[in-house]
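Chemist: Here is the input, now give the coordinates:
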Amino acid sequence: MEYGKLVAVTGLPGLFELMSSKSDGGIVRSLDDKRTKFVSTRIHQFSHLESIEVYTIRDNVNLIDVFHAMEKSTATLPDEKDTKAIKKYFDQVYPDMDHERVYDSDRKKMIKWFALLKKHAIPLVLAEPLEGEAAQGDSDHGEPGQV
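Modeler: As a prediction, this is how the structure comes out:
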């Protein structure tokens, strides 16, 4: 499984591998229970993990940069229900994170998602852009998600 194929779906817990996309939705497979199902874009929104950015006190960074910092850290992951411990963890692991614009719920998601990635041994590597995409940039892809 590749990091570049992973999506978060609004209203559904966990992460999903995007198996196929259609004009009215996508077929996704849950990382948790490996179930495959169709998810309608009329009800849900898809966010590719590669496109999610995190607010910092400087320039925004890609979510994978935060995951890399978490991976390098020797600190143990806090309990996802302990908001204070999570904030303290990110103060230590990624001190540039803007805690006013990155909500507690976003930090909890990052902890959950990172744990899922590690559990399934998914390498934290961005997909290589195709030749045509490198020149176009993100103009055809809309705005990246924010955390």
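Chemist: quick one: the strands in this structure?
Modeler: 6-9, 16-22, 25-30, 36-40, 46-48, 53-54, 61-62 (DSSP state E).
Chemist: for these, which one sits closest to residue 105?
Modeler: Set against residue 105 and scored by Cβ to Cβ, those come closest in strand 6-9, at 12.4 Å. Using the backbone N, CA and C atoms, a C-beta is placed for each residue, glycine as well.
Chemist: looking at the protein, which helix or strand is least sure?
Modeler: The weakest-scoring helix or strand in the chain, judged by mean pLDDT, DSSP states H and E, is helix 131-136 (a mean of 47).
Chemist: Just give me the residue right at the centre of the chain.
Modeler: In the chain, the centroid-proximal residue (Cα atoms, centre = their mean) is residue 49; its distance is 3.7 Å.
Chemist: mind giving me the domain split of the chain?
Modeler: 3-49, 52-119 (automatic domain parsing).
Chemist: Reformat those as TSV; add mean pLDDT and distance to residue 127.
Modeler: Formatted as TSV, these follow (pLDDT from 0 to 100; distance: least, Cβ to Cβ, whole Å):
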stretch	mean pLDDT	distance to residue 127
domain 3-49	95	3
domain 52-119	96	11
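Chemist: Where do the helices of this structure begin and end?
Modeler: Here the chain has its helices, by DSSP state H, at 63-72, 83-93, 104-119, 131-136.
Chemist: Buried residues in the first one, which are they?
Modeler: Same thing as helix 63-72. The neighbour-count check on helix 63-72 (16 or more other Cβ atoms under 10 Å) flags 63-67, 69-70 as buried.
Chemist: Just confirm residue 63 contacts residue 52, I think it does.
Modeler: Yes. Counting by Cβ atoms under 8 Å, residue 52 is a contact partner of residue 63 at 4.3 Å.
Chemist: Which residues does stretch 76-96 contact?
Modeler: Defining contact as Cβ atoms under 8 Å, 6 or more residues apart in numbering, one finds that stretch 76-96 is touched by 56-58, 61, 66, 69-70, 73, 75, 97, 99, 104, 107-108, 110-112, 114-115.
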